[in-house]
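# Quick one: sequence plus predicted model below, questions after.
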There are 2 protein chains.
Amino acid sequence: MSQTVDRALSILPLLAGGPADLGQVADRLGVHKSTALRLLRTLHAHGLVHRQPDQRYRLGARLFALAQEAVENLDVRGIAHPHLVELNERCGHTVHLAVHEENEVLYIDKVDSRYPVRMYSRIGKPVAITVAAVAKLLLADLPEPERRALAGKLDYPRYTSRSTPDAAAFLAELATVREQGWAADLGGHEESINCVAAPVRGADGRVVAAMSVSAPNVVVTAEELLGLLPLVRRTADAISRELSGTASPGHEPAP
Amino acid sequence: MSQTVDRALSILPLLAGGPADLGQVADRLGVHKSTALRLLRTLHAHGLVHRQPDQRYRLGARLFALAQEAVENLDVRGIAHPHLVELNERCGHTVHLAVHEENEVLYIDKVDSRYPVRMYSRIGKPVAITVAAVAKLLLADLPEPERRALAGKLDYPRYTSRSTPDAAAFLAELATVREQGWAADLGGHEESINCVAAPVRGADGRVVAAMSVSAPNVVVTAEELLGLLPLVRRTADAISRELSGTASPGHEPAP
DNA sequence: ACGAGTGTTGCAGAGAATGCAACGCGATCT
DNA sequence: AGATCGCGTTGCATTCTCTGCAACACTCGT
């Protein structure tokens, strides 16, 4: 809605791919060099882009600071974190917390596995929306029309043979997930990695976040991982209660 | 240099403090509501701002993604990371990597302590520039006029009784650090926390990053921490060599 | 049911951003 | 060395875009 700002902001993703000089920015924006220069200057003044010694531009420091402040201001995260840590201590696997925003699902917190295995996830990165267990939970809670509209717009990459193939299968899976109140991803993203996930609900019962435990086949089988489901669901419920203000924070409810 | 973009970007730090509605944004920007609305819409279209269910605005998801991509494109970080992990495994303490940018020093990587202690640092957050060991190293390498100019512009908060009190003391400290090639912070930021740091240099010998090991008094004394200095320096040097392309990546040089 | 407080839209004026052309500067090539 | 190319930078006139206003739509709370 604002051409100038629109152009300026288009520079950021452009620079995310790597540093670029003035000419490249101008070309890819389709504007004159002097225009690009002034936009870059403004971005620079706000610290969003940084000028390297070789005069090329790249994304700047303020961007990190902003992202950090943003993520810390999410109340779900603050409340959930100790629970994630506790869950990790009990089962040892990687624990993720994700939210849904603007047709993307992204991790906002992560506690790493105690086993020496690498997982390709990072806080802030959009997840594989068609296969991830947390994504299914978050999307399954959308009103039906939105769900259908979204499912139609998505791509369905075949990460593995067990990836969700198309919109119809995805909607069916969402219906199941919605029904049972939890979700799993058994090798749908990476062949050897399984996840189980449970929803975190706000005071109004709507799903505001989803939490998952992930582990590779080499550590535990899918069956063993599914055995953790009760624990995962209990943890998610505890977060939900605390989020709604109806629970004692920090302590388990008396048995 | 561009009023419209300038105003739009001013919204971001404003929103970093927490969600705000249209009226608040307009007021704090000093513009008409309709203007603020259009700016917010543009930011929204780029995913930098997100609209909550209650219609208030807060920072959006794309911001994380951008910050992530940006940090991953820093070659220092990618090269240094395995070294930081290795250092952490050897000594067990928290390891930081920081760079200097636009009169700020900020952490771009961190490996957490294996001891159960909290440290108030986060990737992307500007560090206490007048006291942190990594900051001293990075600033000590600046050309003398820049160093003096910067020292004059800084604030010198008295975090503790051992914080750097003023510009003169800071410049003196920088001179020492520059001379000896390493730096320490003994309780200058938080009374009970000490750090030792060493510089990472690029091919031209200039300091491009700084690495530190931090630990609280309750775990190791300042003397013991200083005993780790040779190890820290060796690690920093290894990163420097790899960064300059003059070393075997991943392996220690043969003895 | 009413009013206050929001967010939202069309419009005309004004101010700001744009592209052009020229300049300075450094690196490269002959 | 001299010349040339490439790049970033600046002043300026034109034009387009952004701005603020005022009126409208809408949701709450009373």
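Looks like it came in fine. Numbering: from 1, shown residues only, chains lettered A, B, ... in the order given.
# and the residue nearest to A:G181 when sequence neighbours are not counted, which of the three is it?
In space, and not counting its chain neighbours, A:G181 is closest to A:P199: 6.8 Å by CB to CB, 6 or more residues apart in numbering or on different chains. C-beta here means a position set from N, CA and C on the backbone, and glycine is covered the same way. Three-state call for A:P199 (DSSP: H, G, I helix; E, B strand; the rest coil): strand.
# my guess is A:P199 contacts A:W182, does it?
Yes. A:P199 is in contact with A:W182 according to CB atoms under 8 Å; the separation is 7.5 Å.
# tell me, what's touching the two both at once?
Common contact partners of A:P199 and A:W182 (CB atoms under 8 Å, 6 or more residues apart in numbering or on different chains): A:L137.
# higher neighbour count, these two?
A:P199 (26 against 20; other CB atoms under 10 Å in any protein chain shown).
# List the beta-bridge partners for the more buried one.
Per DSSP bridges, the residues bridged to A:P199 are A:A210.
# Could you pull up the residues touching it?
A:137-138, A:141, A:181-182, A:207, A:209-211, A:236, A:240.
# In chain A, where is pLDDT below threshold?
A:114-124, A:245-255 (pLDDT under 70).
# Need the outlier residue of it, farthest from its centre.
Distance from the centre of chain A peaks at A:S34, with 37.5 Å (CA atoms, centre = their mean).
# Extract the CA atoms of the helix or strand hosting that one and return them as PDB.
Here A:S34 sits within helix A:33-45, counting by DSSP states H and E. Provided in PDB are the C-alpha atoms of helix A:33-45 (Å, rounded to 0.1, in the frame of the first residue of the first chain):
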ATOM      1  CA  LYS A  33      20.600   3.300  -8.600                       C
ATOM      2  CA  SER A  34      20.100   6.600  -6.800                       C
ATOM      3  CA  THR A  35      16.700   5.400  -5.600                       C
ATOM      4  CA  ALA A  36      18.200   2.200  -4.300                       C
ATOM      5  CA  LEU A  37      20.900   4.200  -2.600                       C
ATOM      6  CA  ARG A  38      18.500   6.300  -0.700                       C
ATOM      7  CA  LEU A  39      16.400   3.400   0.400                       C
ATOM      8  CA  LEU A  40      19.500   1.500   1.600                       C
ATOM      9  CA  ARG A  41      20.700   4.600   3.500                       C
ATOM     10  CA  THR A  42      17.400   4.700   5.300                       C
ATOM     11  CA  LEU A  43      17.600   1.000   6.200                       C
ATOM     12  CA  HIS A  44      21.200   1.600   7.200                       C
ATOM     13  CA  ALA A  45      20.200   4.500   9.500                       C
END
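# and the gap between the residue farthest from the centre of chain A and B:R7?
From A:S34 across to B:R7, the span is 21 Å (CB to CB, to the nearest Å).
# Next: A:A203.
36 Å.
# mind listing what the residue lying closest to A:L39 once chain neighbours are set aside touches?
Excluding the flanking residues, the one nearest A:L39 by CB to CB, 6+ apart is A:A8, at 4.5 Å. Counting by CB under 8 Å, 6+ apart, A:A8 makes contact with A:39, A:42-43, B:2, B:5, B:8-9.
# A:R148 now?
Going by CB under 8 Å, 6+ apart, the list of residues near A:R148 reads A:L171.
# Thanks again, I'm all set now.
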